[in-house]
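J.: Based on what follows, work out the 3D shape:
(chains A and B)
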Amino acid sequence: AQSVTQPDIHITVSEGASLELRCNYSYGATPYLFWYVQSPGQGLQLLLKYFSGDTLVQGIKGFEAEFKRSQSSFNLRKPSVHWSDAAEYFCAVGARGSTLGRLYFGRGTQLTVWP
Amino acid sequence: DAGVTQSPTHLIKTRGQQVTLRCSPKSGHDTVSWYQQALGQGPQFIFQYYEEEERQRGNFPDRFSGHQFPNYSSELNVNALLLGDSALYLCASSLRTSGINEQFFGPGTRLTVL
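T.: Below you'll find the model as predicted:
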């Protein structure tokens, strides 16, 4: 069965510091992979996605993520965090081979940014 | 280009009541999925509609039902509300023929059950 693990419930970084949010998934093949961001009381905004090809994908707001098949991981990174990046981040996987497939989400990582 | 819209924004109900939430997909999309996000949790898949039929369903009881209309908009109905149904309900739309599973989310409906 598909599942997503985000091992860090809460991360705190200083503004300007680098960031890495971890995501591990369980899936029988290579899934579609996504990172979403959610501000308080808001819906989900797509940061980036991996479908195929280059395993390092670039997203919005200066975020990037690297797909590592051998580690079943899709970690999110940003070289320099801004105070506006404080939010909750969700990793998700989606099944291939089915255009009607659903998304499986991790429980999220809450990011706090110190000024 | 309007994104995914949901109504109402907030809703307060009491136990045992019934509720209907509404969703309009992004322009050009034909598939609607519903997710429940409890406080402090990631979204959980409820079900997905395409061509006015429920195509996939997550682990939710029959109290949760839905409908899709010819214009692709959708409703989520929850009967016999329980306190545990309090959550943010997210609607997501996608295009079936795109061949990929990219879903665009609406802002959600916050349901509080007292």
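J.: Close to chain B: what parts of chain A are there?
T.: When proximity is defined as Cβ under 8 Å from any Cβ of the partner chain, chain A approaches chain B at A:4, A:32, A:34, A:36, A:41-46, A:49, A:51, A:90, A:92, A:94-96, A:98-108. (C-beta placed from N, C-alpha, C; glycine too.)
J.: Give me the buried entries from those.
T.: A:4, A:32, A:34, A:36, A:43-44, A:46, A:49, A:51, A:90, A:92, A:94-96, A:99, A:101-108 (16 or more other Cβ atoms under 10 Å in any protein chain shown).
J.: Which residues are in contact with the most centrally placed residue in chain B?
T.: Taking Cα atoms, centre = their mean, the centroid of chain B lies closest to residue B:34, which sits 3.0 Å from it. Residue B:34 is in contact with B:23, B:45-48, B:66, B:74, B:76, B:89-92, counting by Cβ atoms under 8 Å, 6 or more residues apart in numbering or on different chains.
J.: mind redoing it with 10 Å?
T.: Contact analysis of residue B:34 by Cβ atoms under 10 Å, 6 or more residues apart in numbering or on different chains lists B:6, B:21, B:23, B:43-49, B:58, B:60, B:64, B:66, B:74-76, B:89-92.
J.: can you check residue A:7 too?
T.: Listed by Cβ under 10 Å, 6+ apart, the contact set of residue A:7 reads A:21-24, A:106-107, A:109.
J.: Output stretch A:79-87 as PDB - backbone C-alpha positions only.
T.: The C-alpha coordinates for stretch A:79-87 follow below in PDB (Å, rounded to 0.1, in the frame of the first residue of the first chain):
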ATOM      1  CA  PRO A  79      19.200  27.500   0.100                       C
ATOM      2  CA  SER A  80      18.000  30.600   2.000                       C
ATOM      3  CA  VAL A  81      14.700  30.700   3.900                       C
ATOM      4  CA  HIS A  82      12.600  33.800   4.000                       C
ATOM      5  CA  TRP A  83      10.200  34.700   6.900                       C
ATOM      6  CA  SER A  84       7.300  34.300   4.400                       C
ATOM      7  CA  ASP A  85       8.200  30.600   4.000                       C
ATOM      8  CA  ALA A  86       6.700  29.800   7.500                       C
ATOM      9  CA  ALA A  87       3.900  27.400   6.800                       C
END
